[in-house]
Each structure stands twice: as C-alpha cells, then as structure tokens.
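Participant: quick check, what structure comes out for this input:
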Amino acid sequence: MLRPCLMCGPHSNNKMPGTTVCEALTRQLQALGLTSFPCGPGSWNKSRLLSRKTPCSDWESSDTEEESQDDLKDLLLQHGSPWQLDDDRSLETQHIRVLAVTCPELITEQFIYSYFRSLRVVDQEVTDVDDGLLKFYNLEELVLSANKLKTVYSCNLPRSLKVLELCSNYISSLGDLTVSPPPGLQHLGLAYNKIQLSSESLYLTAEFWPNLVSLDLSFNDLTDLFDLISRLCTLDKLRILVLQGNPLTFIPDYRGYTIDSLKKLCVLDDISILPDEKHKNAGLFKQKESLDNKAKLFVHIGKVQGIPNPSIVSESQTTDEYPITAFNYRVCYEFIEDQNRGQQPECQPEKCKFQQPTTSEERVMLLHSLTSYFHTGIYESDSLPWSEVIDYQYNKVHTIADLLPLKSFLLSGMTLTVTEEKILSWPQDADQSTAVPKLDKKGGGKDKEKEKARSSSRGSKAGLKSKKKKENLDELRHDPPVVRTLGSVNVPLESLVSGEIQTFNLCNFGTLVTDTDQHGNDKVLRDGKKNKEQKLKAGRESVETHKTSHSSAKEKNKDSNLKPTEDEPQSALTPLTAEITVTFLH
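Facilitator: Just a heads-up that it's a prediction; the model follows:
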C-alpha cells in the first residue's frame, strides 16, 4: 500500500525554501494524480477491476457511470483537457499515467521506485540531496539544475547513475561529490557554478571518474589551464569537454593546447575537433613552458561622426579677431589594468591575516572578495580637429595577467566617452589684442566684407583657416584646454566571455544640439506660420518678376538653391556615433 506522503495529498507544485530532493520529488509525483480521476481505482473503472478478480458476465460487469479506457486515456493526452500536464514531462511520466488508467493496481510505491530511469528536479530551490534518493535503485539520469545546492554528497546518489546534471547551482567544491561517486557515471554537468580554486582539479581524475565521457565545467571561475589539463589527461574515455566561460579560456593558446593535450577529445566547447585542427596544433603540449599564461586584447577605435561643426557656433558668437578658437576631439575608454595585491583596500589583507579560512567555502568567498575587485585605467586616442567623419585608426594591445578580474570587467562592460577640447589662443603681448581691431578700420568696408564672407561660408572651415594664415599659432599664447564631454556609453563585452573572439559595437551617443541650433529651432517654433506666409508671398513676387526678365532661367536656379536653406532648420540631425572593436588575440 502506498504511503500518503509519496502518492496522495494535495497536488501542489509550489517551491519550498530549503527543501530536499525527495520532498521535491514527492510534490511532483502528487501532481501526476496517479491515484485520482481519470487514473487509479474508482467508480469510473470499478467493475473492470472487480472482473479481474472475480469472473462475471458482460452484462454484470457493465456500468453506465463508468468510462472506457480509451476515453480515460484521451482525458490524459488530449490537448486542452484539464487533466493534461501543463509543462513538458518525459515519456516515462506520460507512460506511467497511462499505466495508472489501464492497470492501476500496478502503481505501488515499490513499482515507482523501480520504474523511473530519469528524474528532473529543476528550479525547486533544493538545498540538499538526501539519502531517500537511494530508493530509486534503477535511476540512470538525475537533473538537479537551477537549484540552491552548495554541495552534493555522492554517498546519497544511486550507484546506477550514468548522467548527473548540476548546472546553475552554488557548488564551489567537489570534495563531497568524490567521496563515493557512482562508478559508471558518463556525464557530469557542473556549468554555472562557483568552482574557482585550482585545487579543485584534483577531483577531476580517473581515480574518481573512470568512465567519464562528457564533462561540462563551463562558466565557472577556473584560471589555471595547465594544471587542469594535466588532471584531465588521466580521463581516458573523455570525448566531450566544455570550458567556455572560464577565465582560463582567455589565454591565446587555450584551444590549441587543450586539443594537443587531450588526444582523444572529439568536441571542445561545442565545436567539433577536425583532423586539420589537430595537425595545426601538434606539439603545443610539449611547449608548455614557453606558452604565455596571460590574455591579450586588441582595441580598435574607428570612425566617429555626428559632431556639430564648431566653426558655426564660434563665428556666430565672436566678432573680434582674438581670441582664436580651436576645437579638437578625442575618444577615451576605460580598460582593466593589472595591479599588485598591495594596491587593494587595506581591510582585505588584514582579513587574510587574522581570519584564516577553515572550510573550502570560506576560502572561495575570501578569494572571490580579493579578485572581484579590478582596477581600471583611462586610455585616450589622439586629439583630432573637427571633420564630418573623424577616422582615428586607434590601435592598442592590452596584456592582462589577472584573468579572474578580467572576466568581471568583461561582464560589466567598459565605458566609452567622446570629449571636446576648446583652446583659446591670444597674442603674446596683451596690448596687441587691442591693436588689431584698429588695423581693421583701414579700408572702410573691410568689416562689411568680413561679415559677408562669414554669412556666405556658414558651416565651412574656410573662415577658420583664413584666420590661422594671418597669425602663426606657435607664436600665440594658448589657454589651458576646456574639456567638455559630448557623450558617454557602456560598451557590452559579455560575448567575449561566452566564447566570441571579437565584438564590434557602433556606439550611439544620441543627437548633439548646439546653442545656435537650439536658438534657431525655438525661433522657428515661435514664428512658425508667419515665416511660412512671408516665404510664400516672396516666392510669388519673385516668380512674377522672373517672367518679365530675360535672365529668368538664372534666377530660377538661384531660387532653387535657396530651398535647402529654407528646409535646413527642419532637417534631421545625425546622431553622434563611434566605432569600437575589441578582439582576443589567439
């Protein structure tokens, strides 16, 4: 007879904090409804059950209130039925529910323990693998993903287990898992855990896993490639290995060294290993001492565009010859730098000195506190003058030895900033700046010609170049540059942690509006309709005069040239964008 805690009770899938594996399995079995309609014994199949025990005629065994077996099975499997399982279940689960309809007397506690070959307990907040799991003595596959396991005692795992999936938990040490592991285990999944210490590789040898074929250690915090591979070399049956997402994959020769070291490996990081790749990397295993255990990243800054023309603003706001205003632009980015441990906060070495860790979990927490902190530096491109498209062609190679802080930096992204430098230049003699305007009065209409030239060359660099020709800037006195930030964005780099070699980003800083553009837009909004009416009226008068003139064709060309200037305040502005590429050098 079945125990109430296993098969009966409320059908609930609610997650319980701090639950064990068997408690979670009990809730899942209760949700199957193996002892309630349309499964199990009841008035819906009472006569059929009795006929199996006591032979009787057909008319005695028939009951109008009963359902046929086909109808009961349809209630379980038919789409839209209230007894259909909402979530996807294994074929084993579907089969045992049908079996509970056709042969409900077989569904006993002992039968259930012997029936299941595969069990999935996912996202149920399981914190402990208890010894009740040993009752499933035929279990071959156990999936405990997305729970809250910090350790797993292998003595509580069935000896028949072949697949153990423990991804997305909080496991930091493999010591408890290797006390008495299942001897026939073929796949071990430990992705997305907290495995960090290099000493954990001691538990990944043939002594504990003699039949291991597939090992998934992806997205942990392992940093010592050479020590890990030396342990994995003892696994003669290993054919599939996943290490992506670990800081050790940042090393330039990571893939080549791993392939050459594990001769029988067929798949690395979900990519098949071809004979050509094996031949290309032959000999790297013997060159271990010469291989670099540092990551190298190449940063390239390309084109920047969308910066408003500064000469329009400077010429509209200044009428004197001095000061001469120059604008330059540069791109800055923040990138991780190696640092000595002494540069870290003082409280952390004190913690190491007076509070020695006693357990593996405490050691991992302490190491994480020391390595999650990373130091960054500011790197700048050359300062270049304005152009519609500024092509910096900036290249920089960064060599990083601290691989774990590098992973934290890549996951957080880097900051990219575009700045403007405004430099005012004056004559060396202070009195000279007041003498220049007097010289301009000679010639009478010289000021008017300058104003006319400025208005006709609005938006061009000709006026600024003509000023530079009159005075040698090297002979002038330059004020300290006034730096203004035009835009700043965070550049995502997490794809480099996931296995991508290169990431390209076209960073959008938004549209920059100058003071003159803002003033012009406000004026258009105020005058609006009045300006449009004046333009339409002036256009009609010009058309009438053009008809009576012999040079009407030339006037029409002039009128067509004026149209872009009428639409100029309403034209779409180009957003400020910058190209940046970050590449792992392999």
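Participant: quick one: residue 22 and residue 134 touch, right?
Facilitator: No: between residue 22 and residue 134 there is no contact under Cβ atoms under 8 Å: 9.9 Å. Glycine gets a C-beta too; all of them are placed from N, C-alpha and C.
Participant: if you count what's nearby, which of those two comes out ahead?
Facilitator: Comparing residue 22 with residue 134 by neighbour count (other Cβ atoms under 10 Å), the higher total belongs to residue 22, at 22 against 15.
Participant: so who does that one touch?
Facilitator: Counting by Cβ atoms under 8 Å, 6 or more residues apart in numbering, residue 22 touches 130, 132-133.
Participant: ditto for residue 579
Facilitator: By Cβ under 8 Å, 6+ apart, the contact set of residue 579 is 301-304, 504-507.
Participant: out of those, flag the one nearest to residue 196.
Facilitator: Nearest to residue 196 out of these is residue 505 (Cβ to Cβ; 29.4 Å).
Participant: need the contact partners of the helix or strand harbouring that closest one.
Facilitator: The secondary structure element spanning residue 505 is strand 502-510 (assigned by DSSP states H and E). Strand 502-510 has contacts (Cβ under 8 Å, 6+ apart) with 306, 416, 418, 486-489, 491-493, 495-496, 575-584.
Participant: mind listing what's buried in that strand?
Facilitator: 503, 505, 507, 509 (16 or more other Cβ atoms under 10 Å).
Participant: for stretch 577-586, same thing?
Facilitator: Under the neighbour-count criterion of 16+ other Cβ under 10 Å, stretch 577-586 has 577-580, 582-584 buried.
Participant: one more: stretch 410-425?
Facilitator: Neighbour count says stretch 410-425 has 410, 414, 416-420, 423-425 buried, by 16+ other Cβ under 10 Å.
Participant: residues near the closest residue to residue 150 other than its chain neighbours, how many?
Facilitator: Closest residue to residue 150 apart from its sequence neighbours, by Cβ to Cβ, 6 or more residues apart in numbering: residue 170 at 4.8 Å. Each residue near residue 170 was counted by other Cβ under 10 Å, and the total is 15.
Participant: would you double-check that residue 170 falls in a helix?
Facilitator: No: counting by DSSP: H, G, I helix; E, B strand; the rest coil, residue 170 is not part of a helix but coil.
Participant: thought it was touching residue 149?
Facilitator: Yes: Residue 170 is within contact range of residue 149, at 6.5 Å (criterion: Cβ under 8 Å).
Participant: which outside residues touch stretch 271-285?
Facilitator: Under the criterion Cβ under 8 Å, 6+ apart, residues 253, 255-257, 259-261, 265-267, 291 lie in contact with stretch 271-285.
Participant: got those as JSON lines, with distance to residue 275 columns?
Facilitator: What follows is these, written out as JSON lines (distance: Cβ to Cβ, whole Å):
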{"residue": "253", "distance to residue 275": "19"}
{"residue": "255", "distance to residue 275": "15"}
{"residue": "256", "distance to residue 275": "14"}
{"residue": "257", "distance to residue 275": "18"}
{"residue": "259", "distance to residue 275": "11"}
{"residue": "260", "distance to residue 275": "13"}
{"residue": "261", "distance to residue 275": "17"}
{"residue": "265", "distance to residue 275": "13"}
{"residue": "266", "distance to residue 275": "11"}
{"residue": "267", "distance to residue 275": "14"}
{"residue": "291", "distance to residue 275": "23"}
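Participant: mind checking which of these are in strands?
Facilitator: Per DSSP state E, strands hold the following members of these: residue 267.
Participant: make a PyMOL selection of the buried ones in the contacts of stretch 271-285.
Facilitator: This is how PyMOL selects the buried members of the contacts of stretch 271-285, with burial counted by 16+ other Cβ under 10 Å:
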select buried, resi 253+255+256+257+259+260+261+265+291
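Participant: okay if I get the contacts of stretch 271-285 as CSV plus distance to residue 199 and pLDDT?
Facilitator: Formatted as CSV, those follow (distance: Cβ to Cβ, whole Å; pLDDT from 0 to 100):
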residue, distance to residue 199, pLDDT
253, 23, 94
255, 24, 96
256, 26, 95
257, 21, 96
259, 25, 97
260, 25, 96
261, 20, 96
265, 23, 97
266, 28, 97
267, 27, 98
291, 22, 89
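Participant: give me the sheet partners of the strand holding residue 505 and which way each runs.
Facilitator: Note on strand 502-510: by DSSP bridges, its sheet partners are strand 576-584 (antiparallel).
Participant: domains of this protein?
Facilitator: Here the domain parsing of the chain from automatic domain parsing is 117-292, 296-515+577-584.
Participant: tabulate those (JSON lines), appending distance to residue 110.
Facilitator: As requested, these are exported to JSON lines (distance: least, Cβ to Cβ, whole Å):
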{"stretch": "domain 117-292", "distance to residue 110": "9"}
{"stretch": "domain 296-515+577-584", "distance to residue 110": "38"}
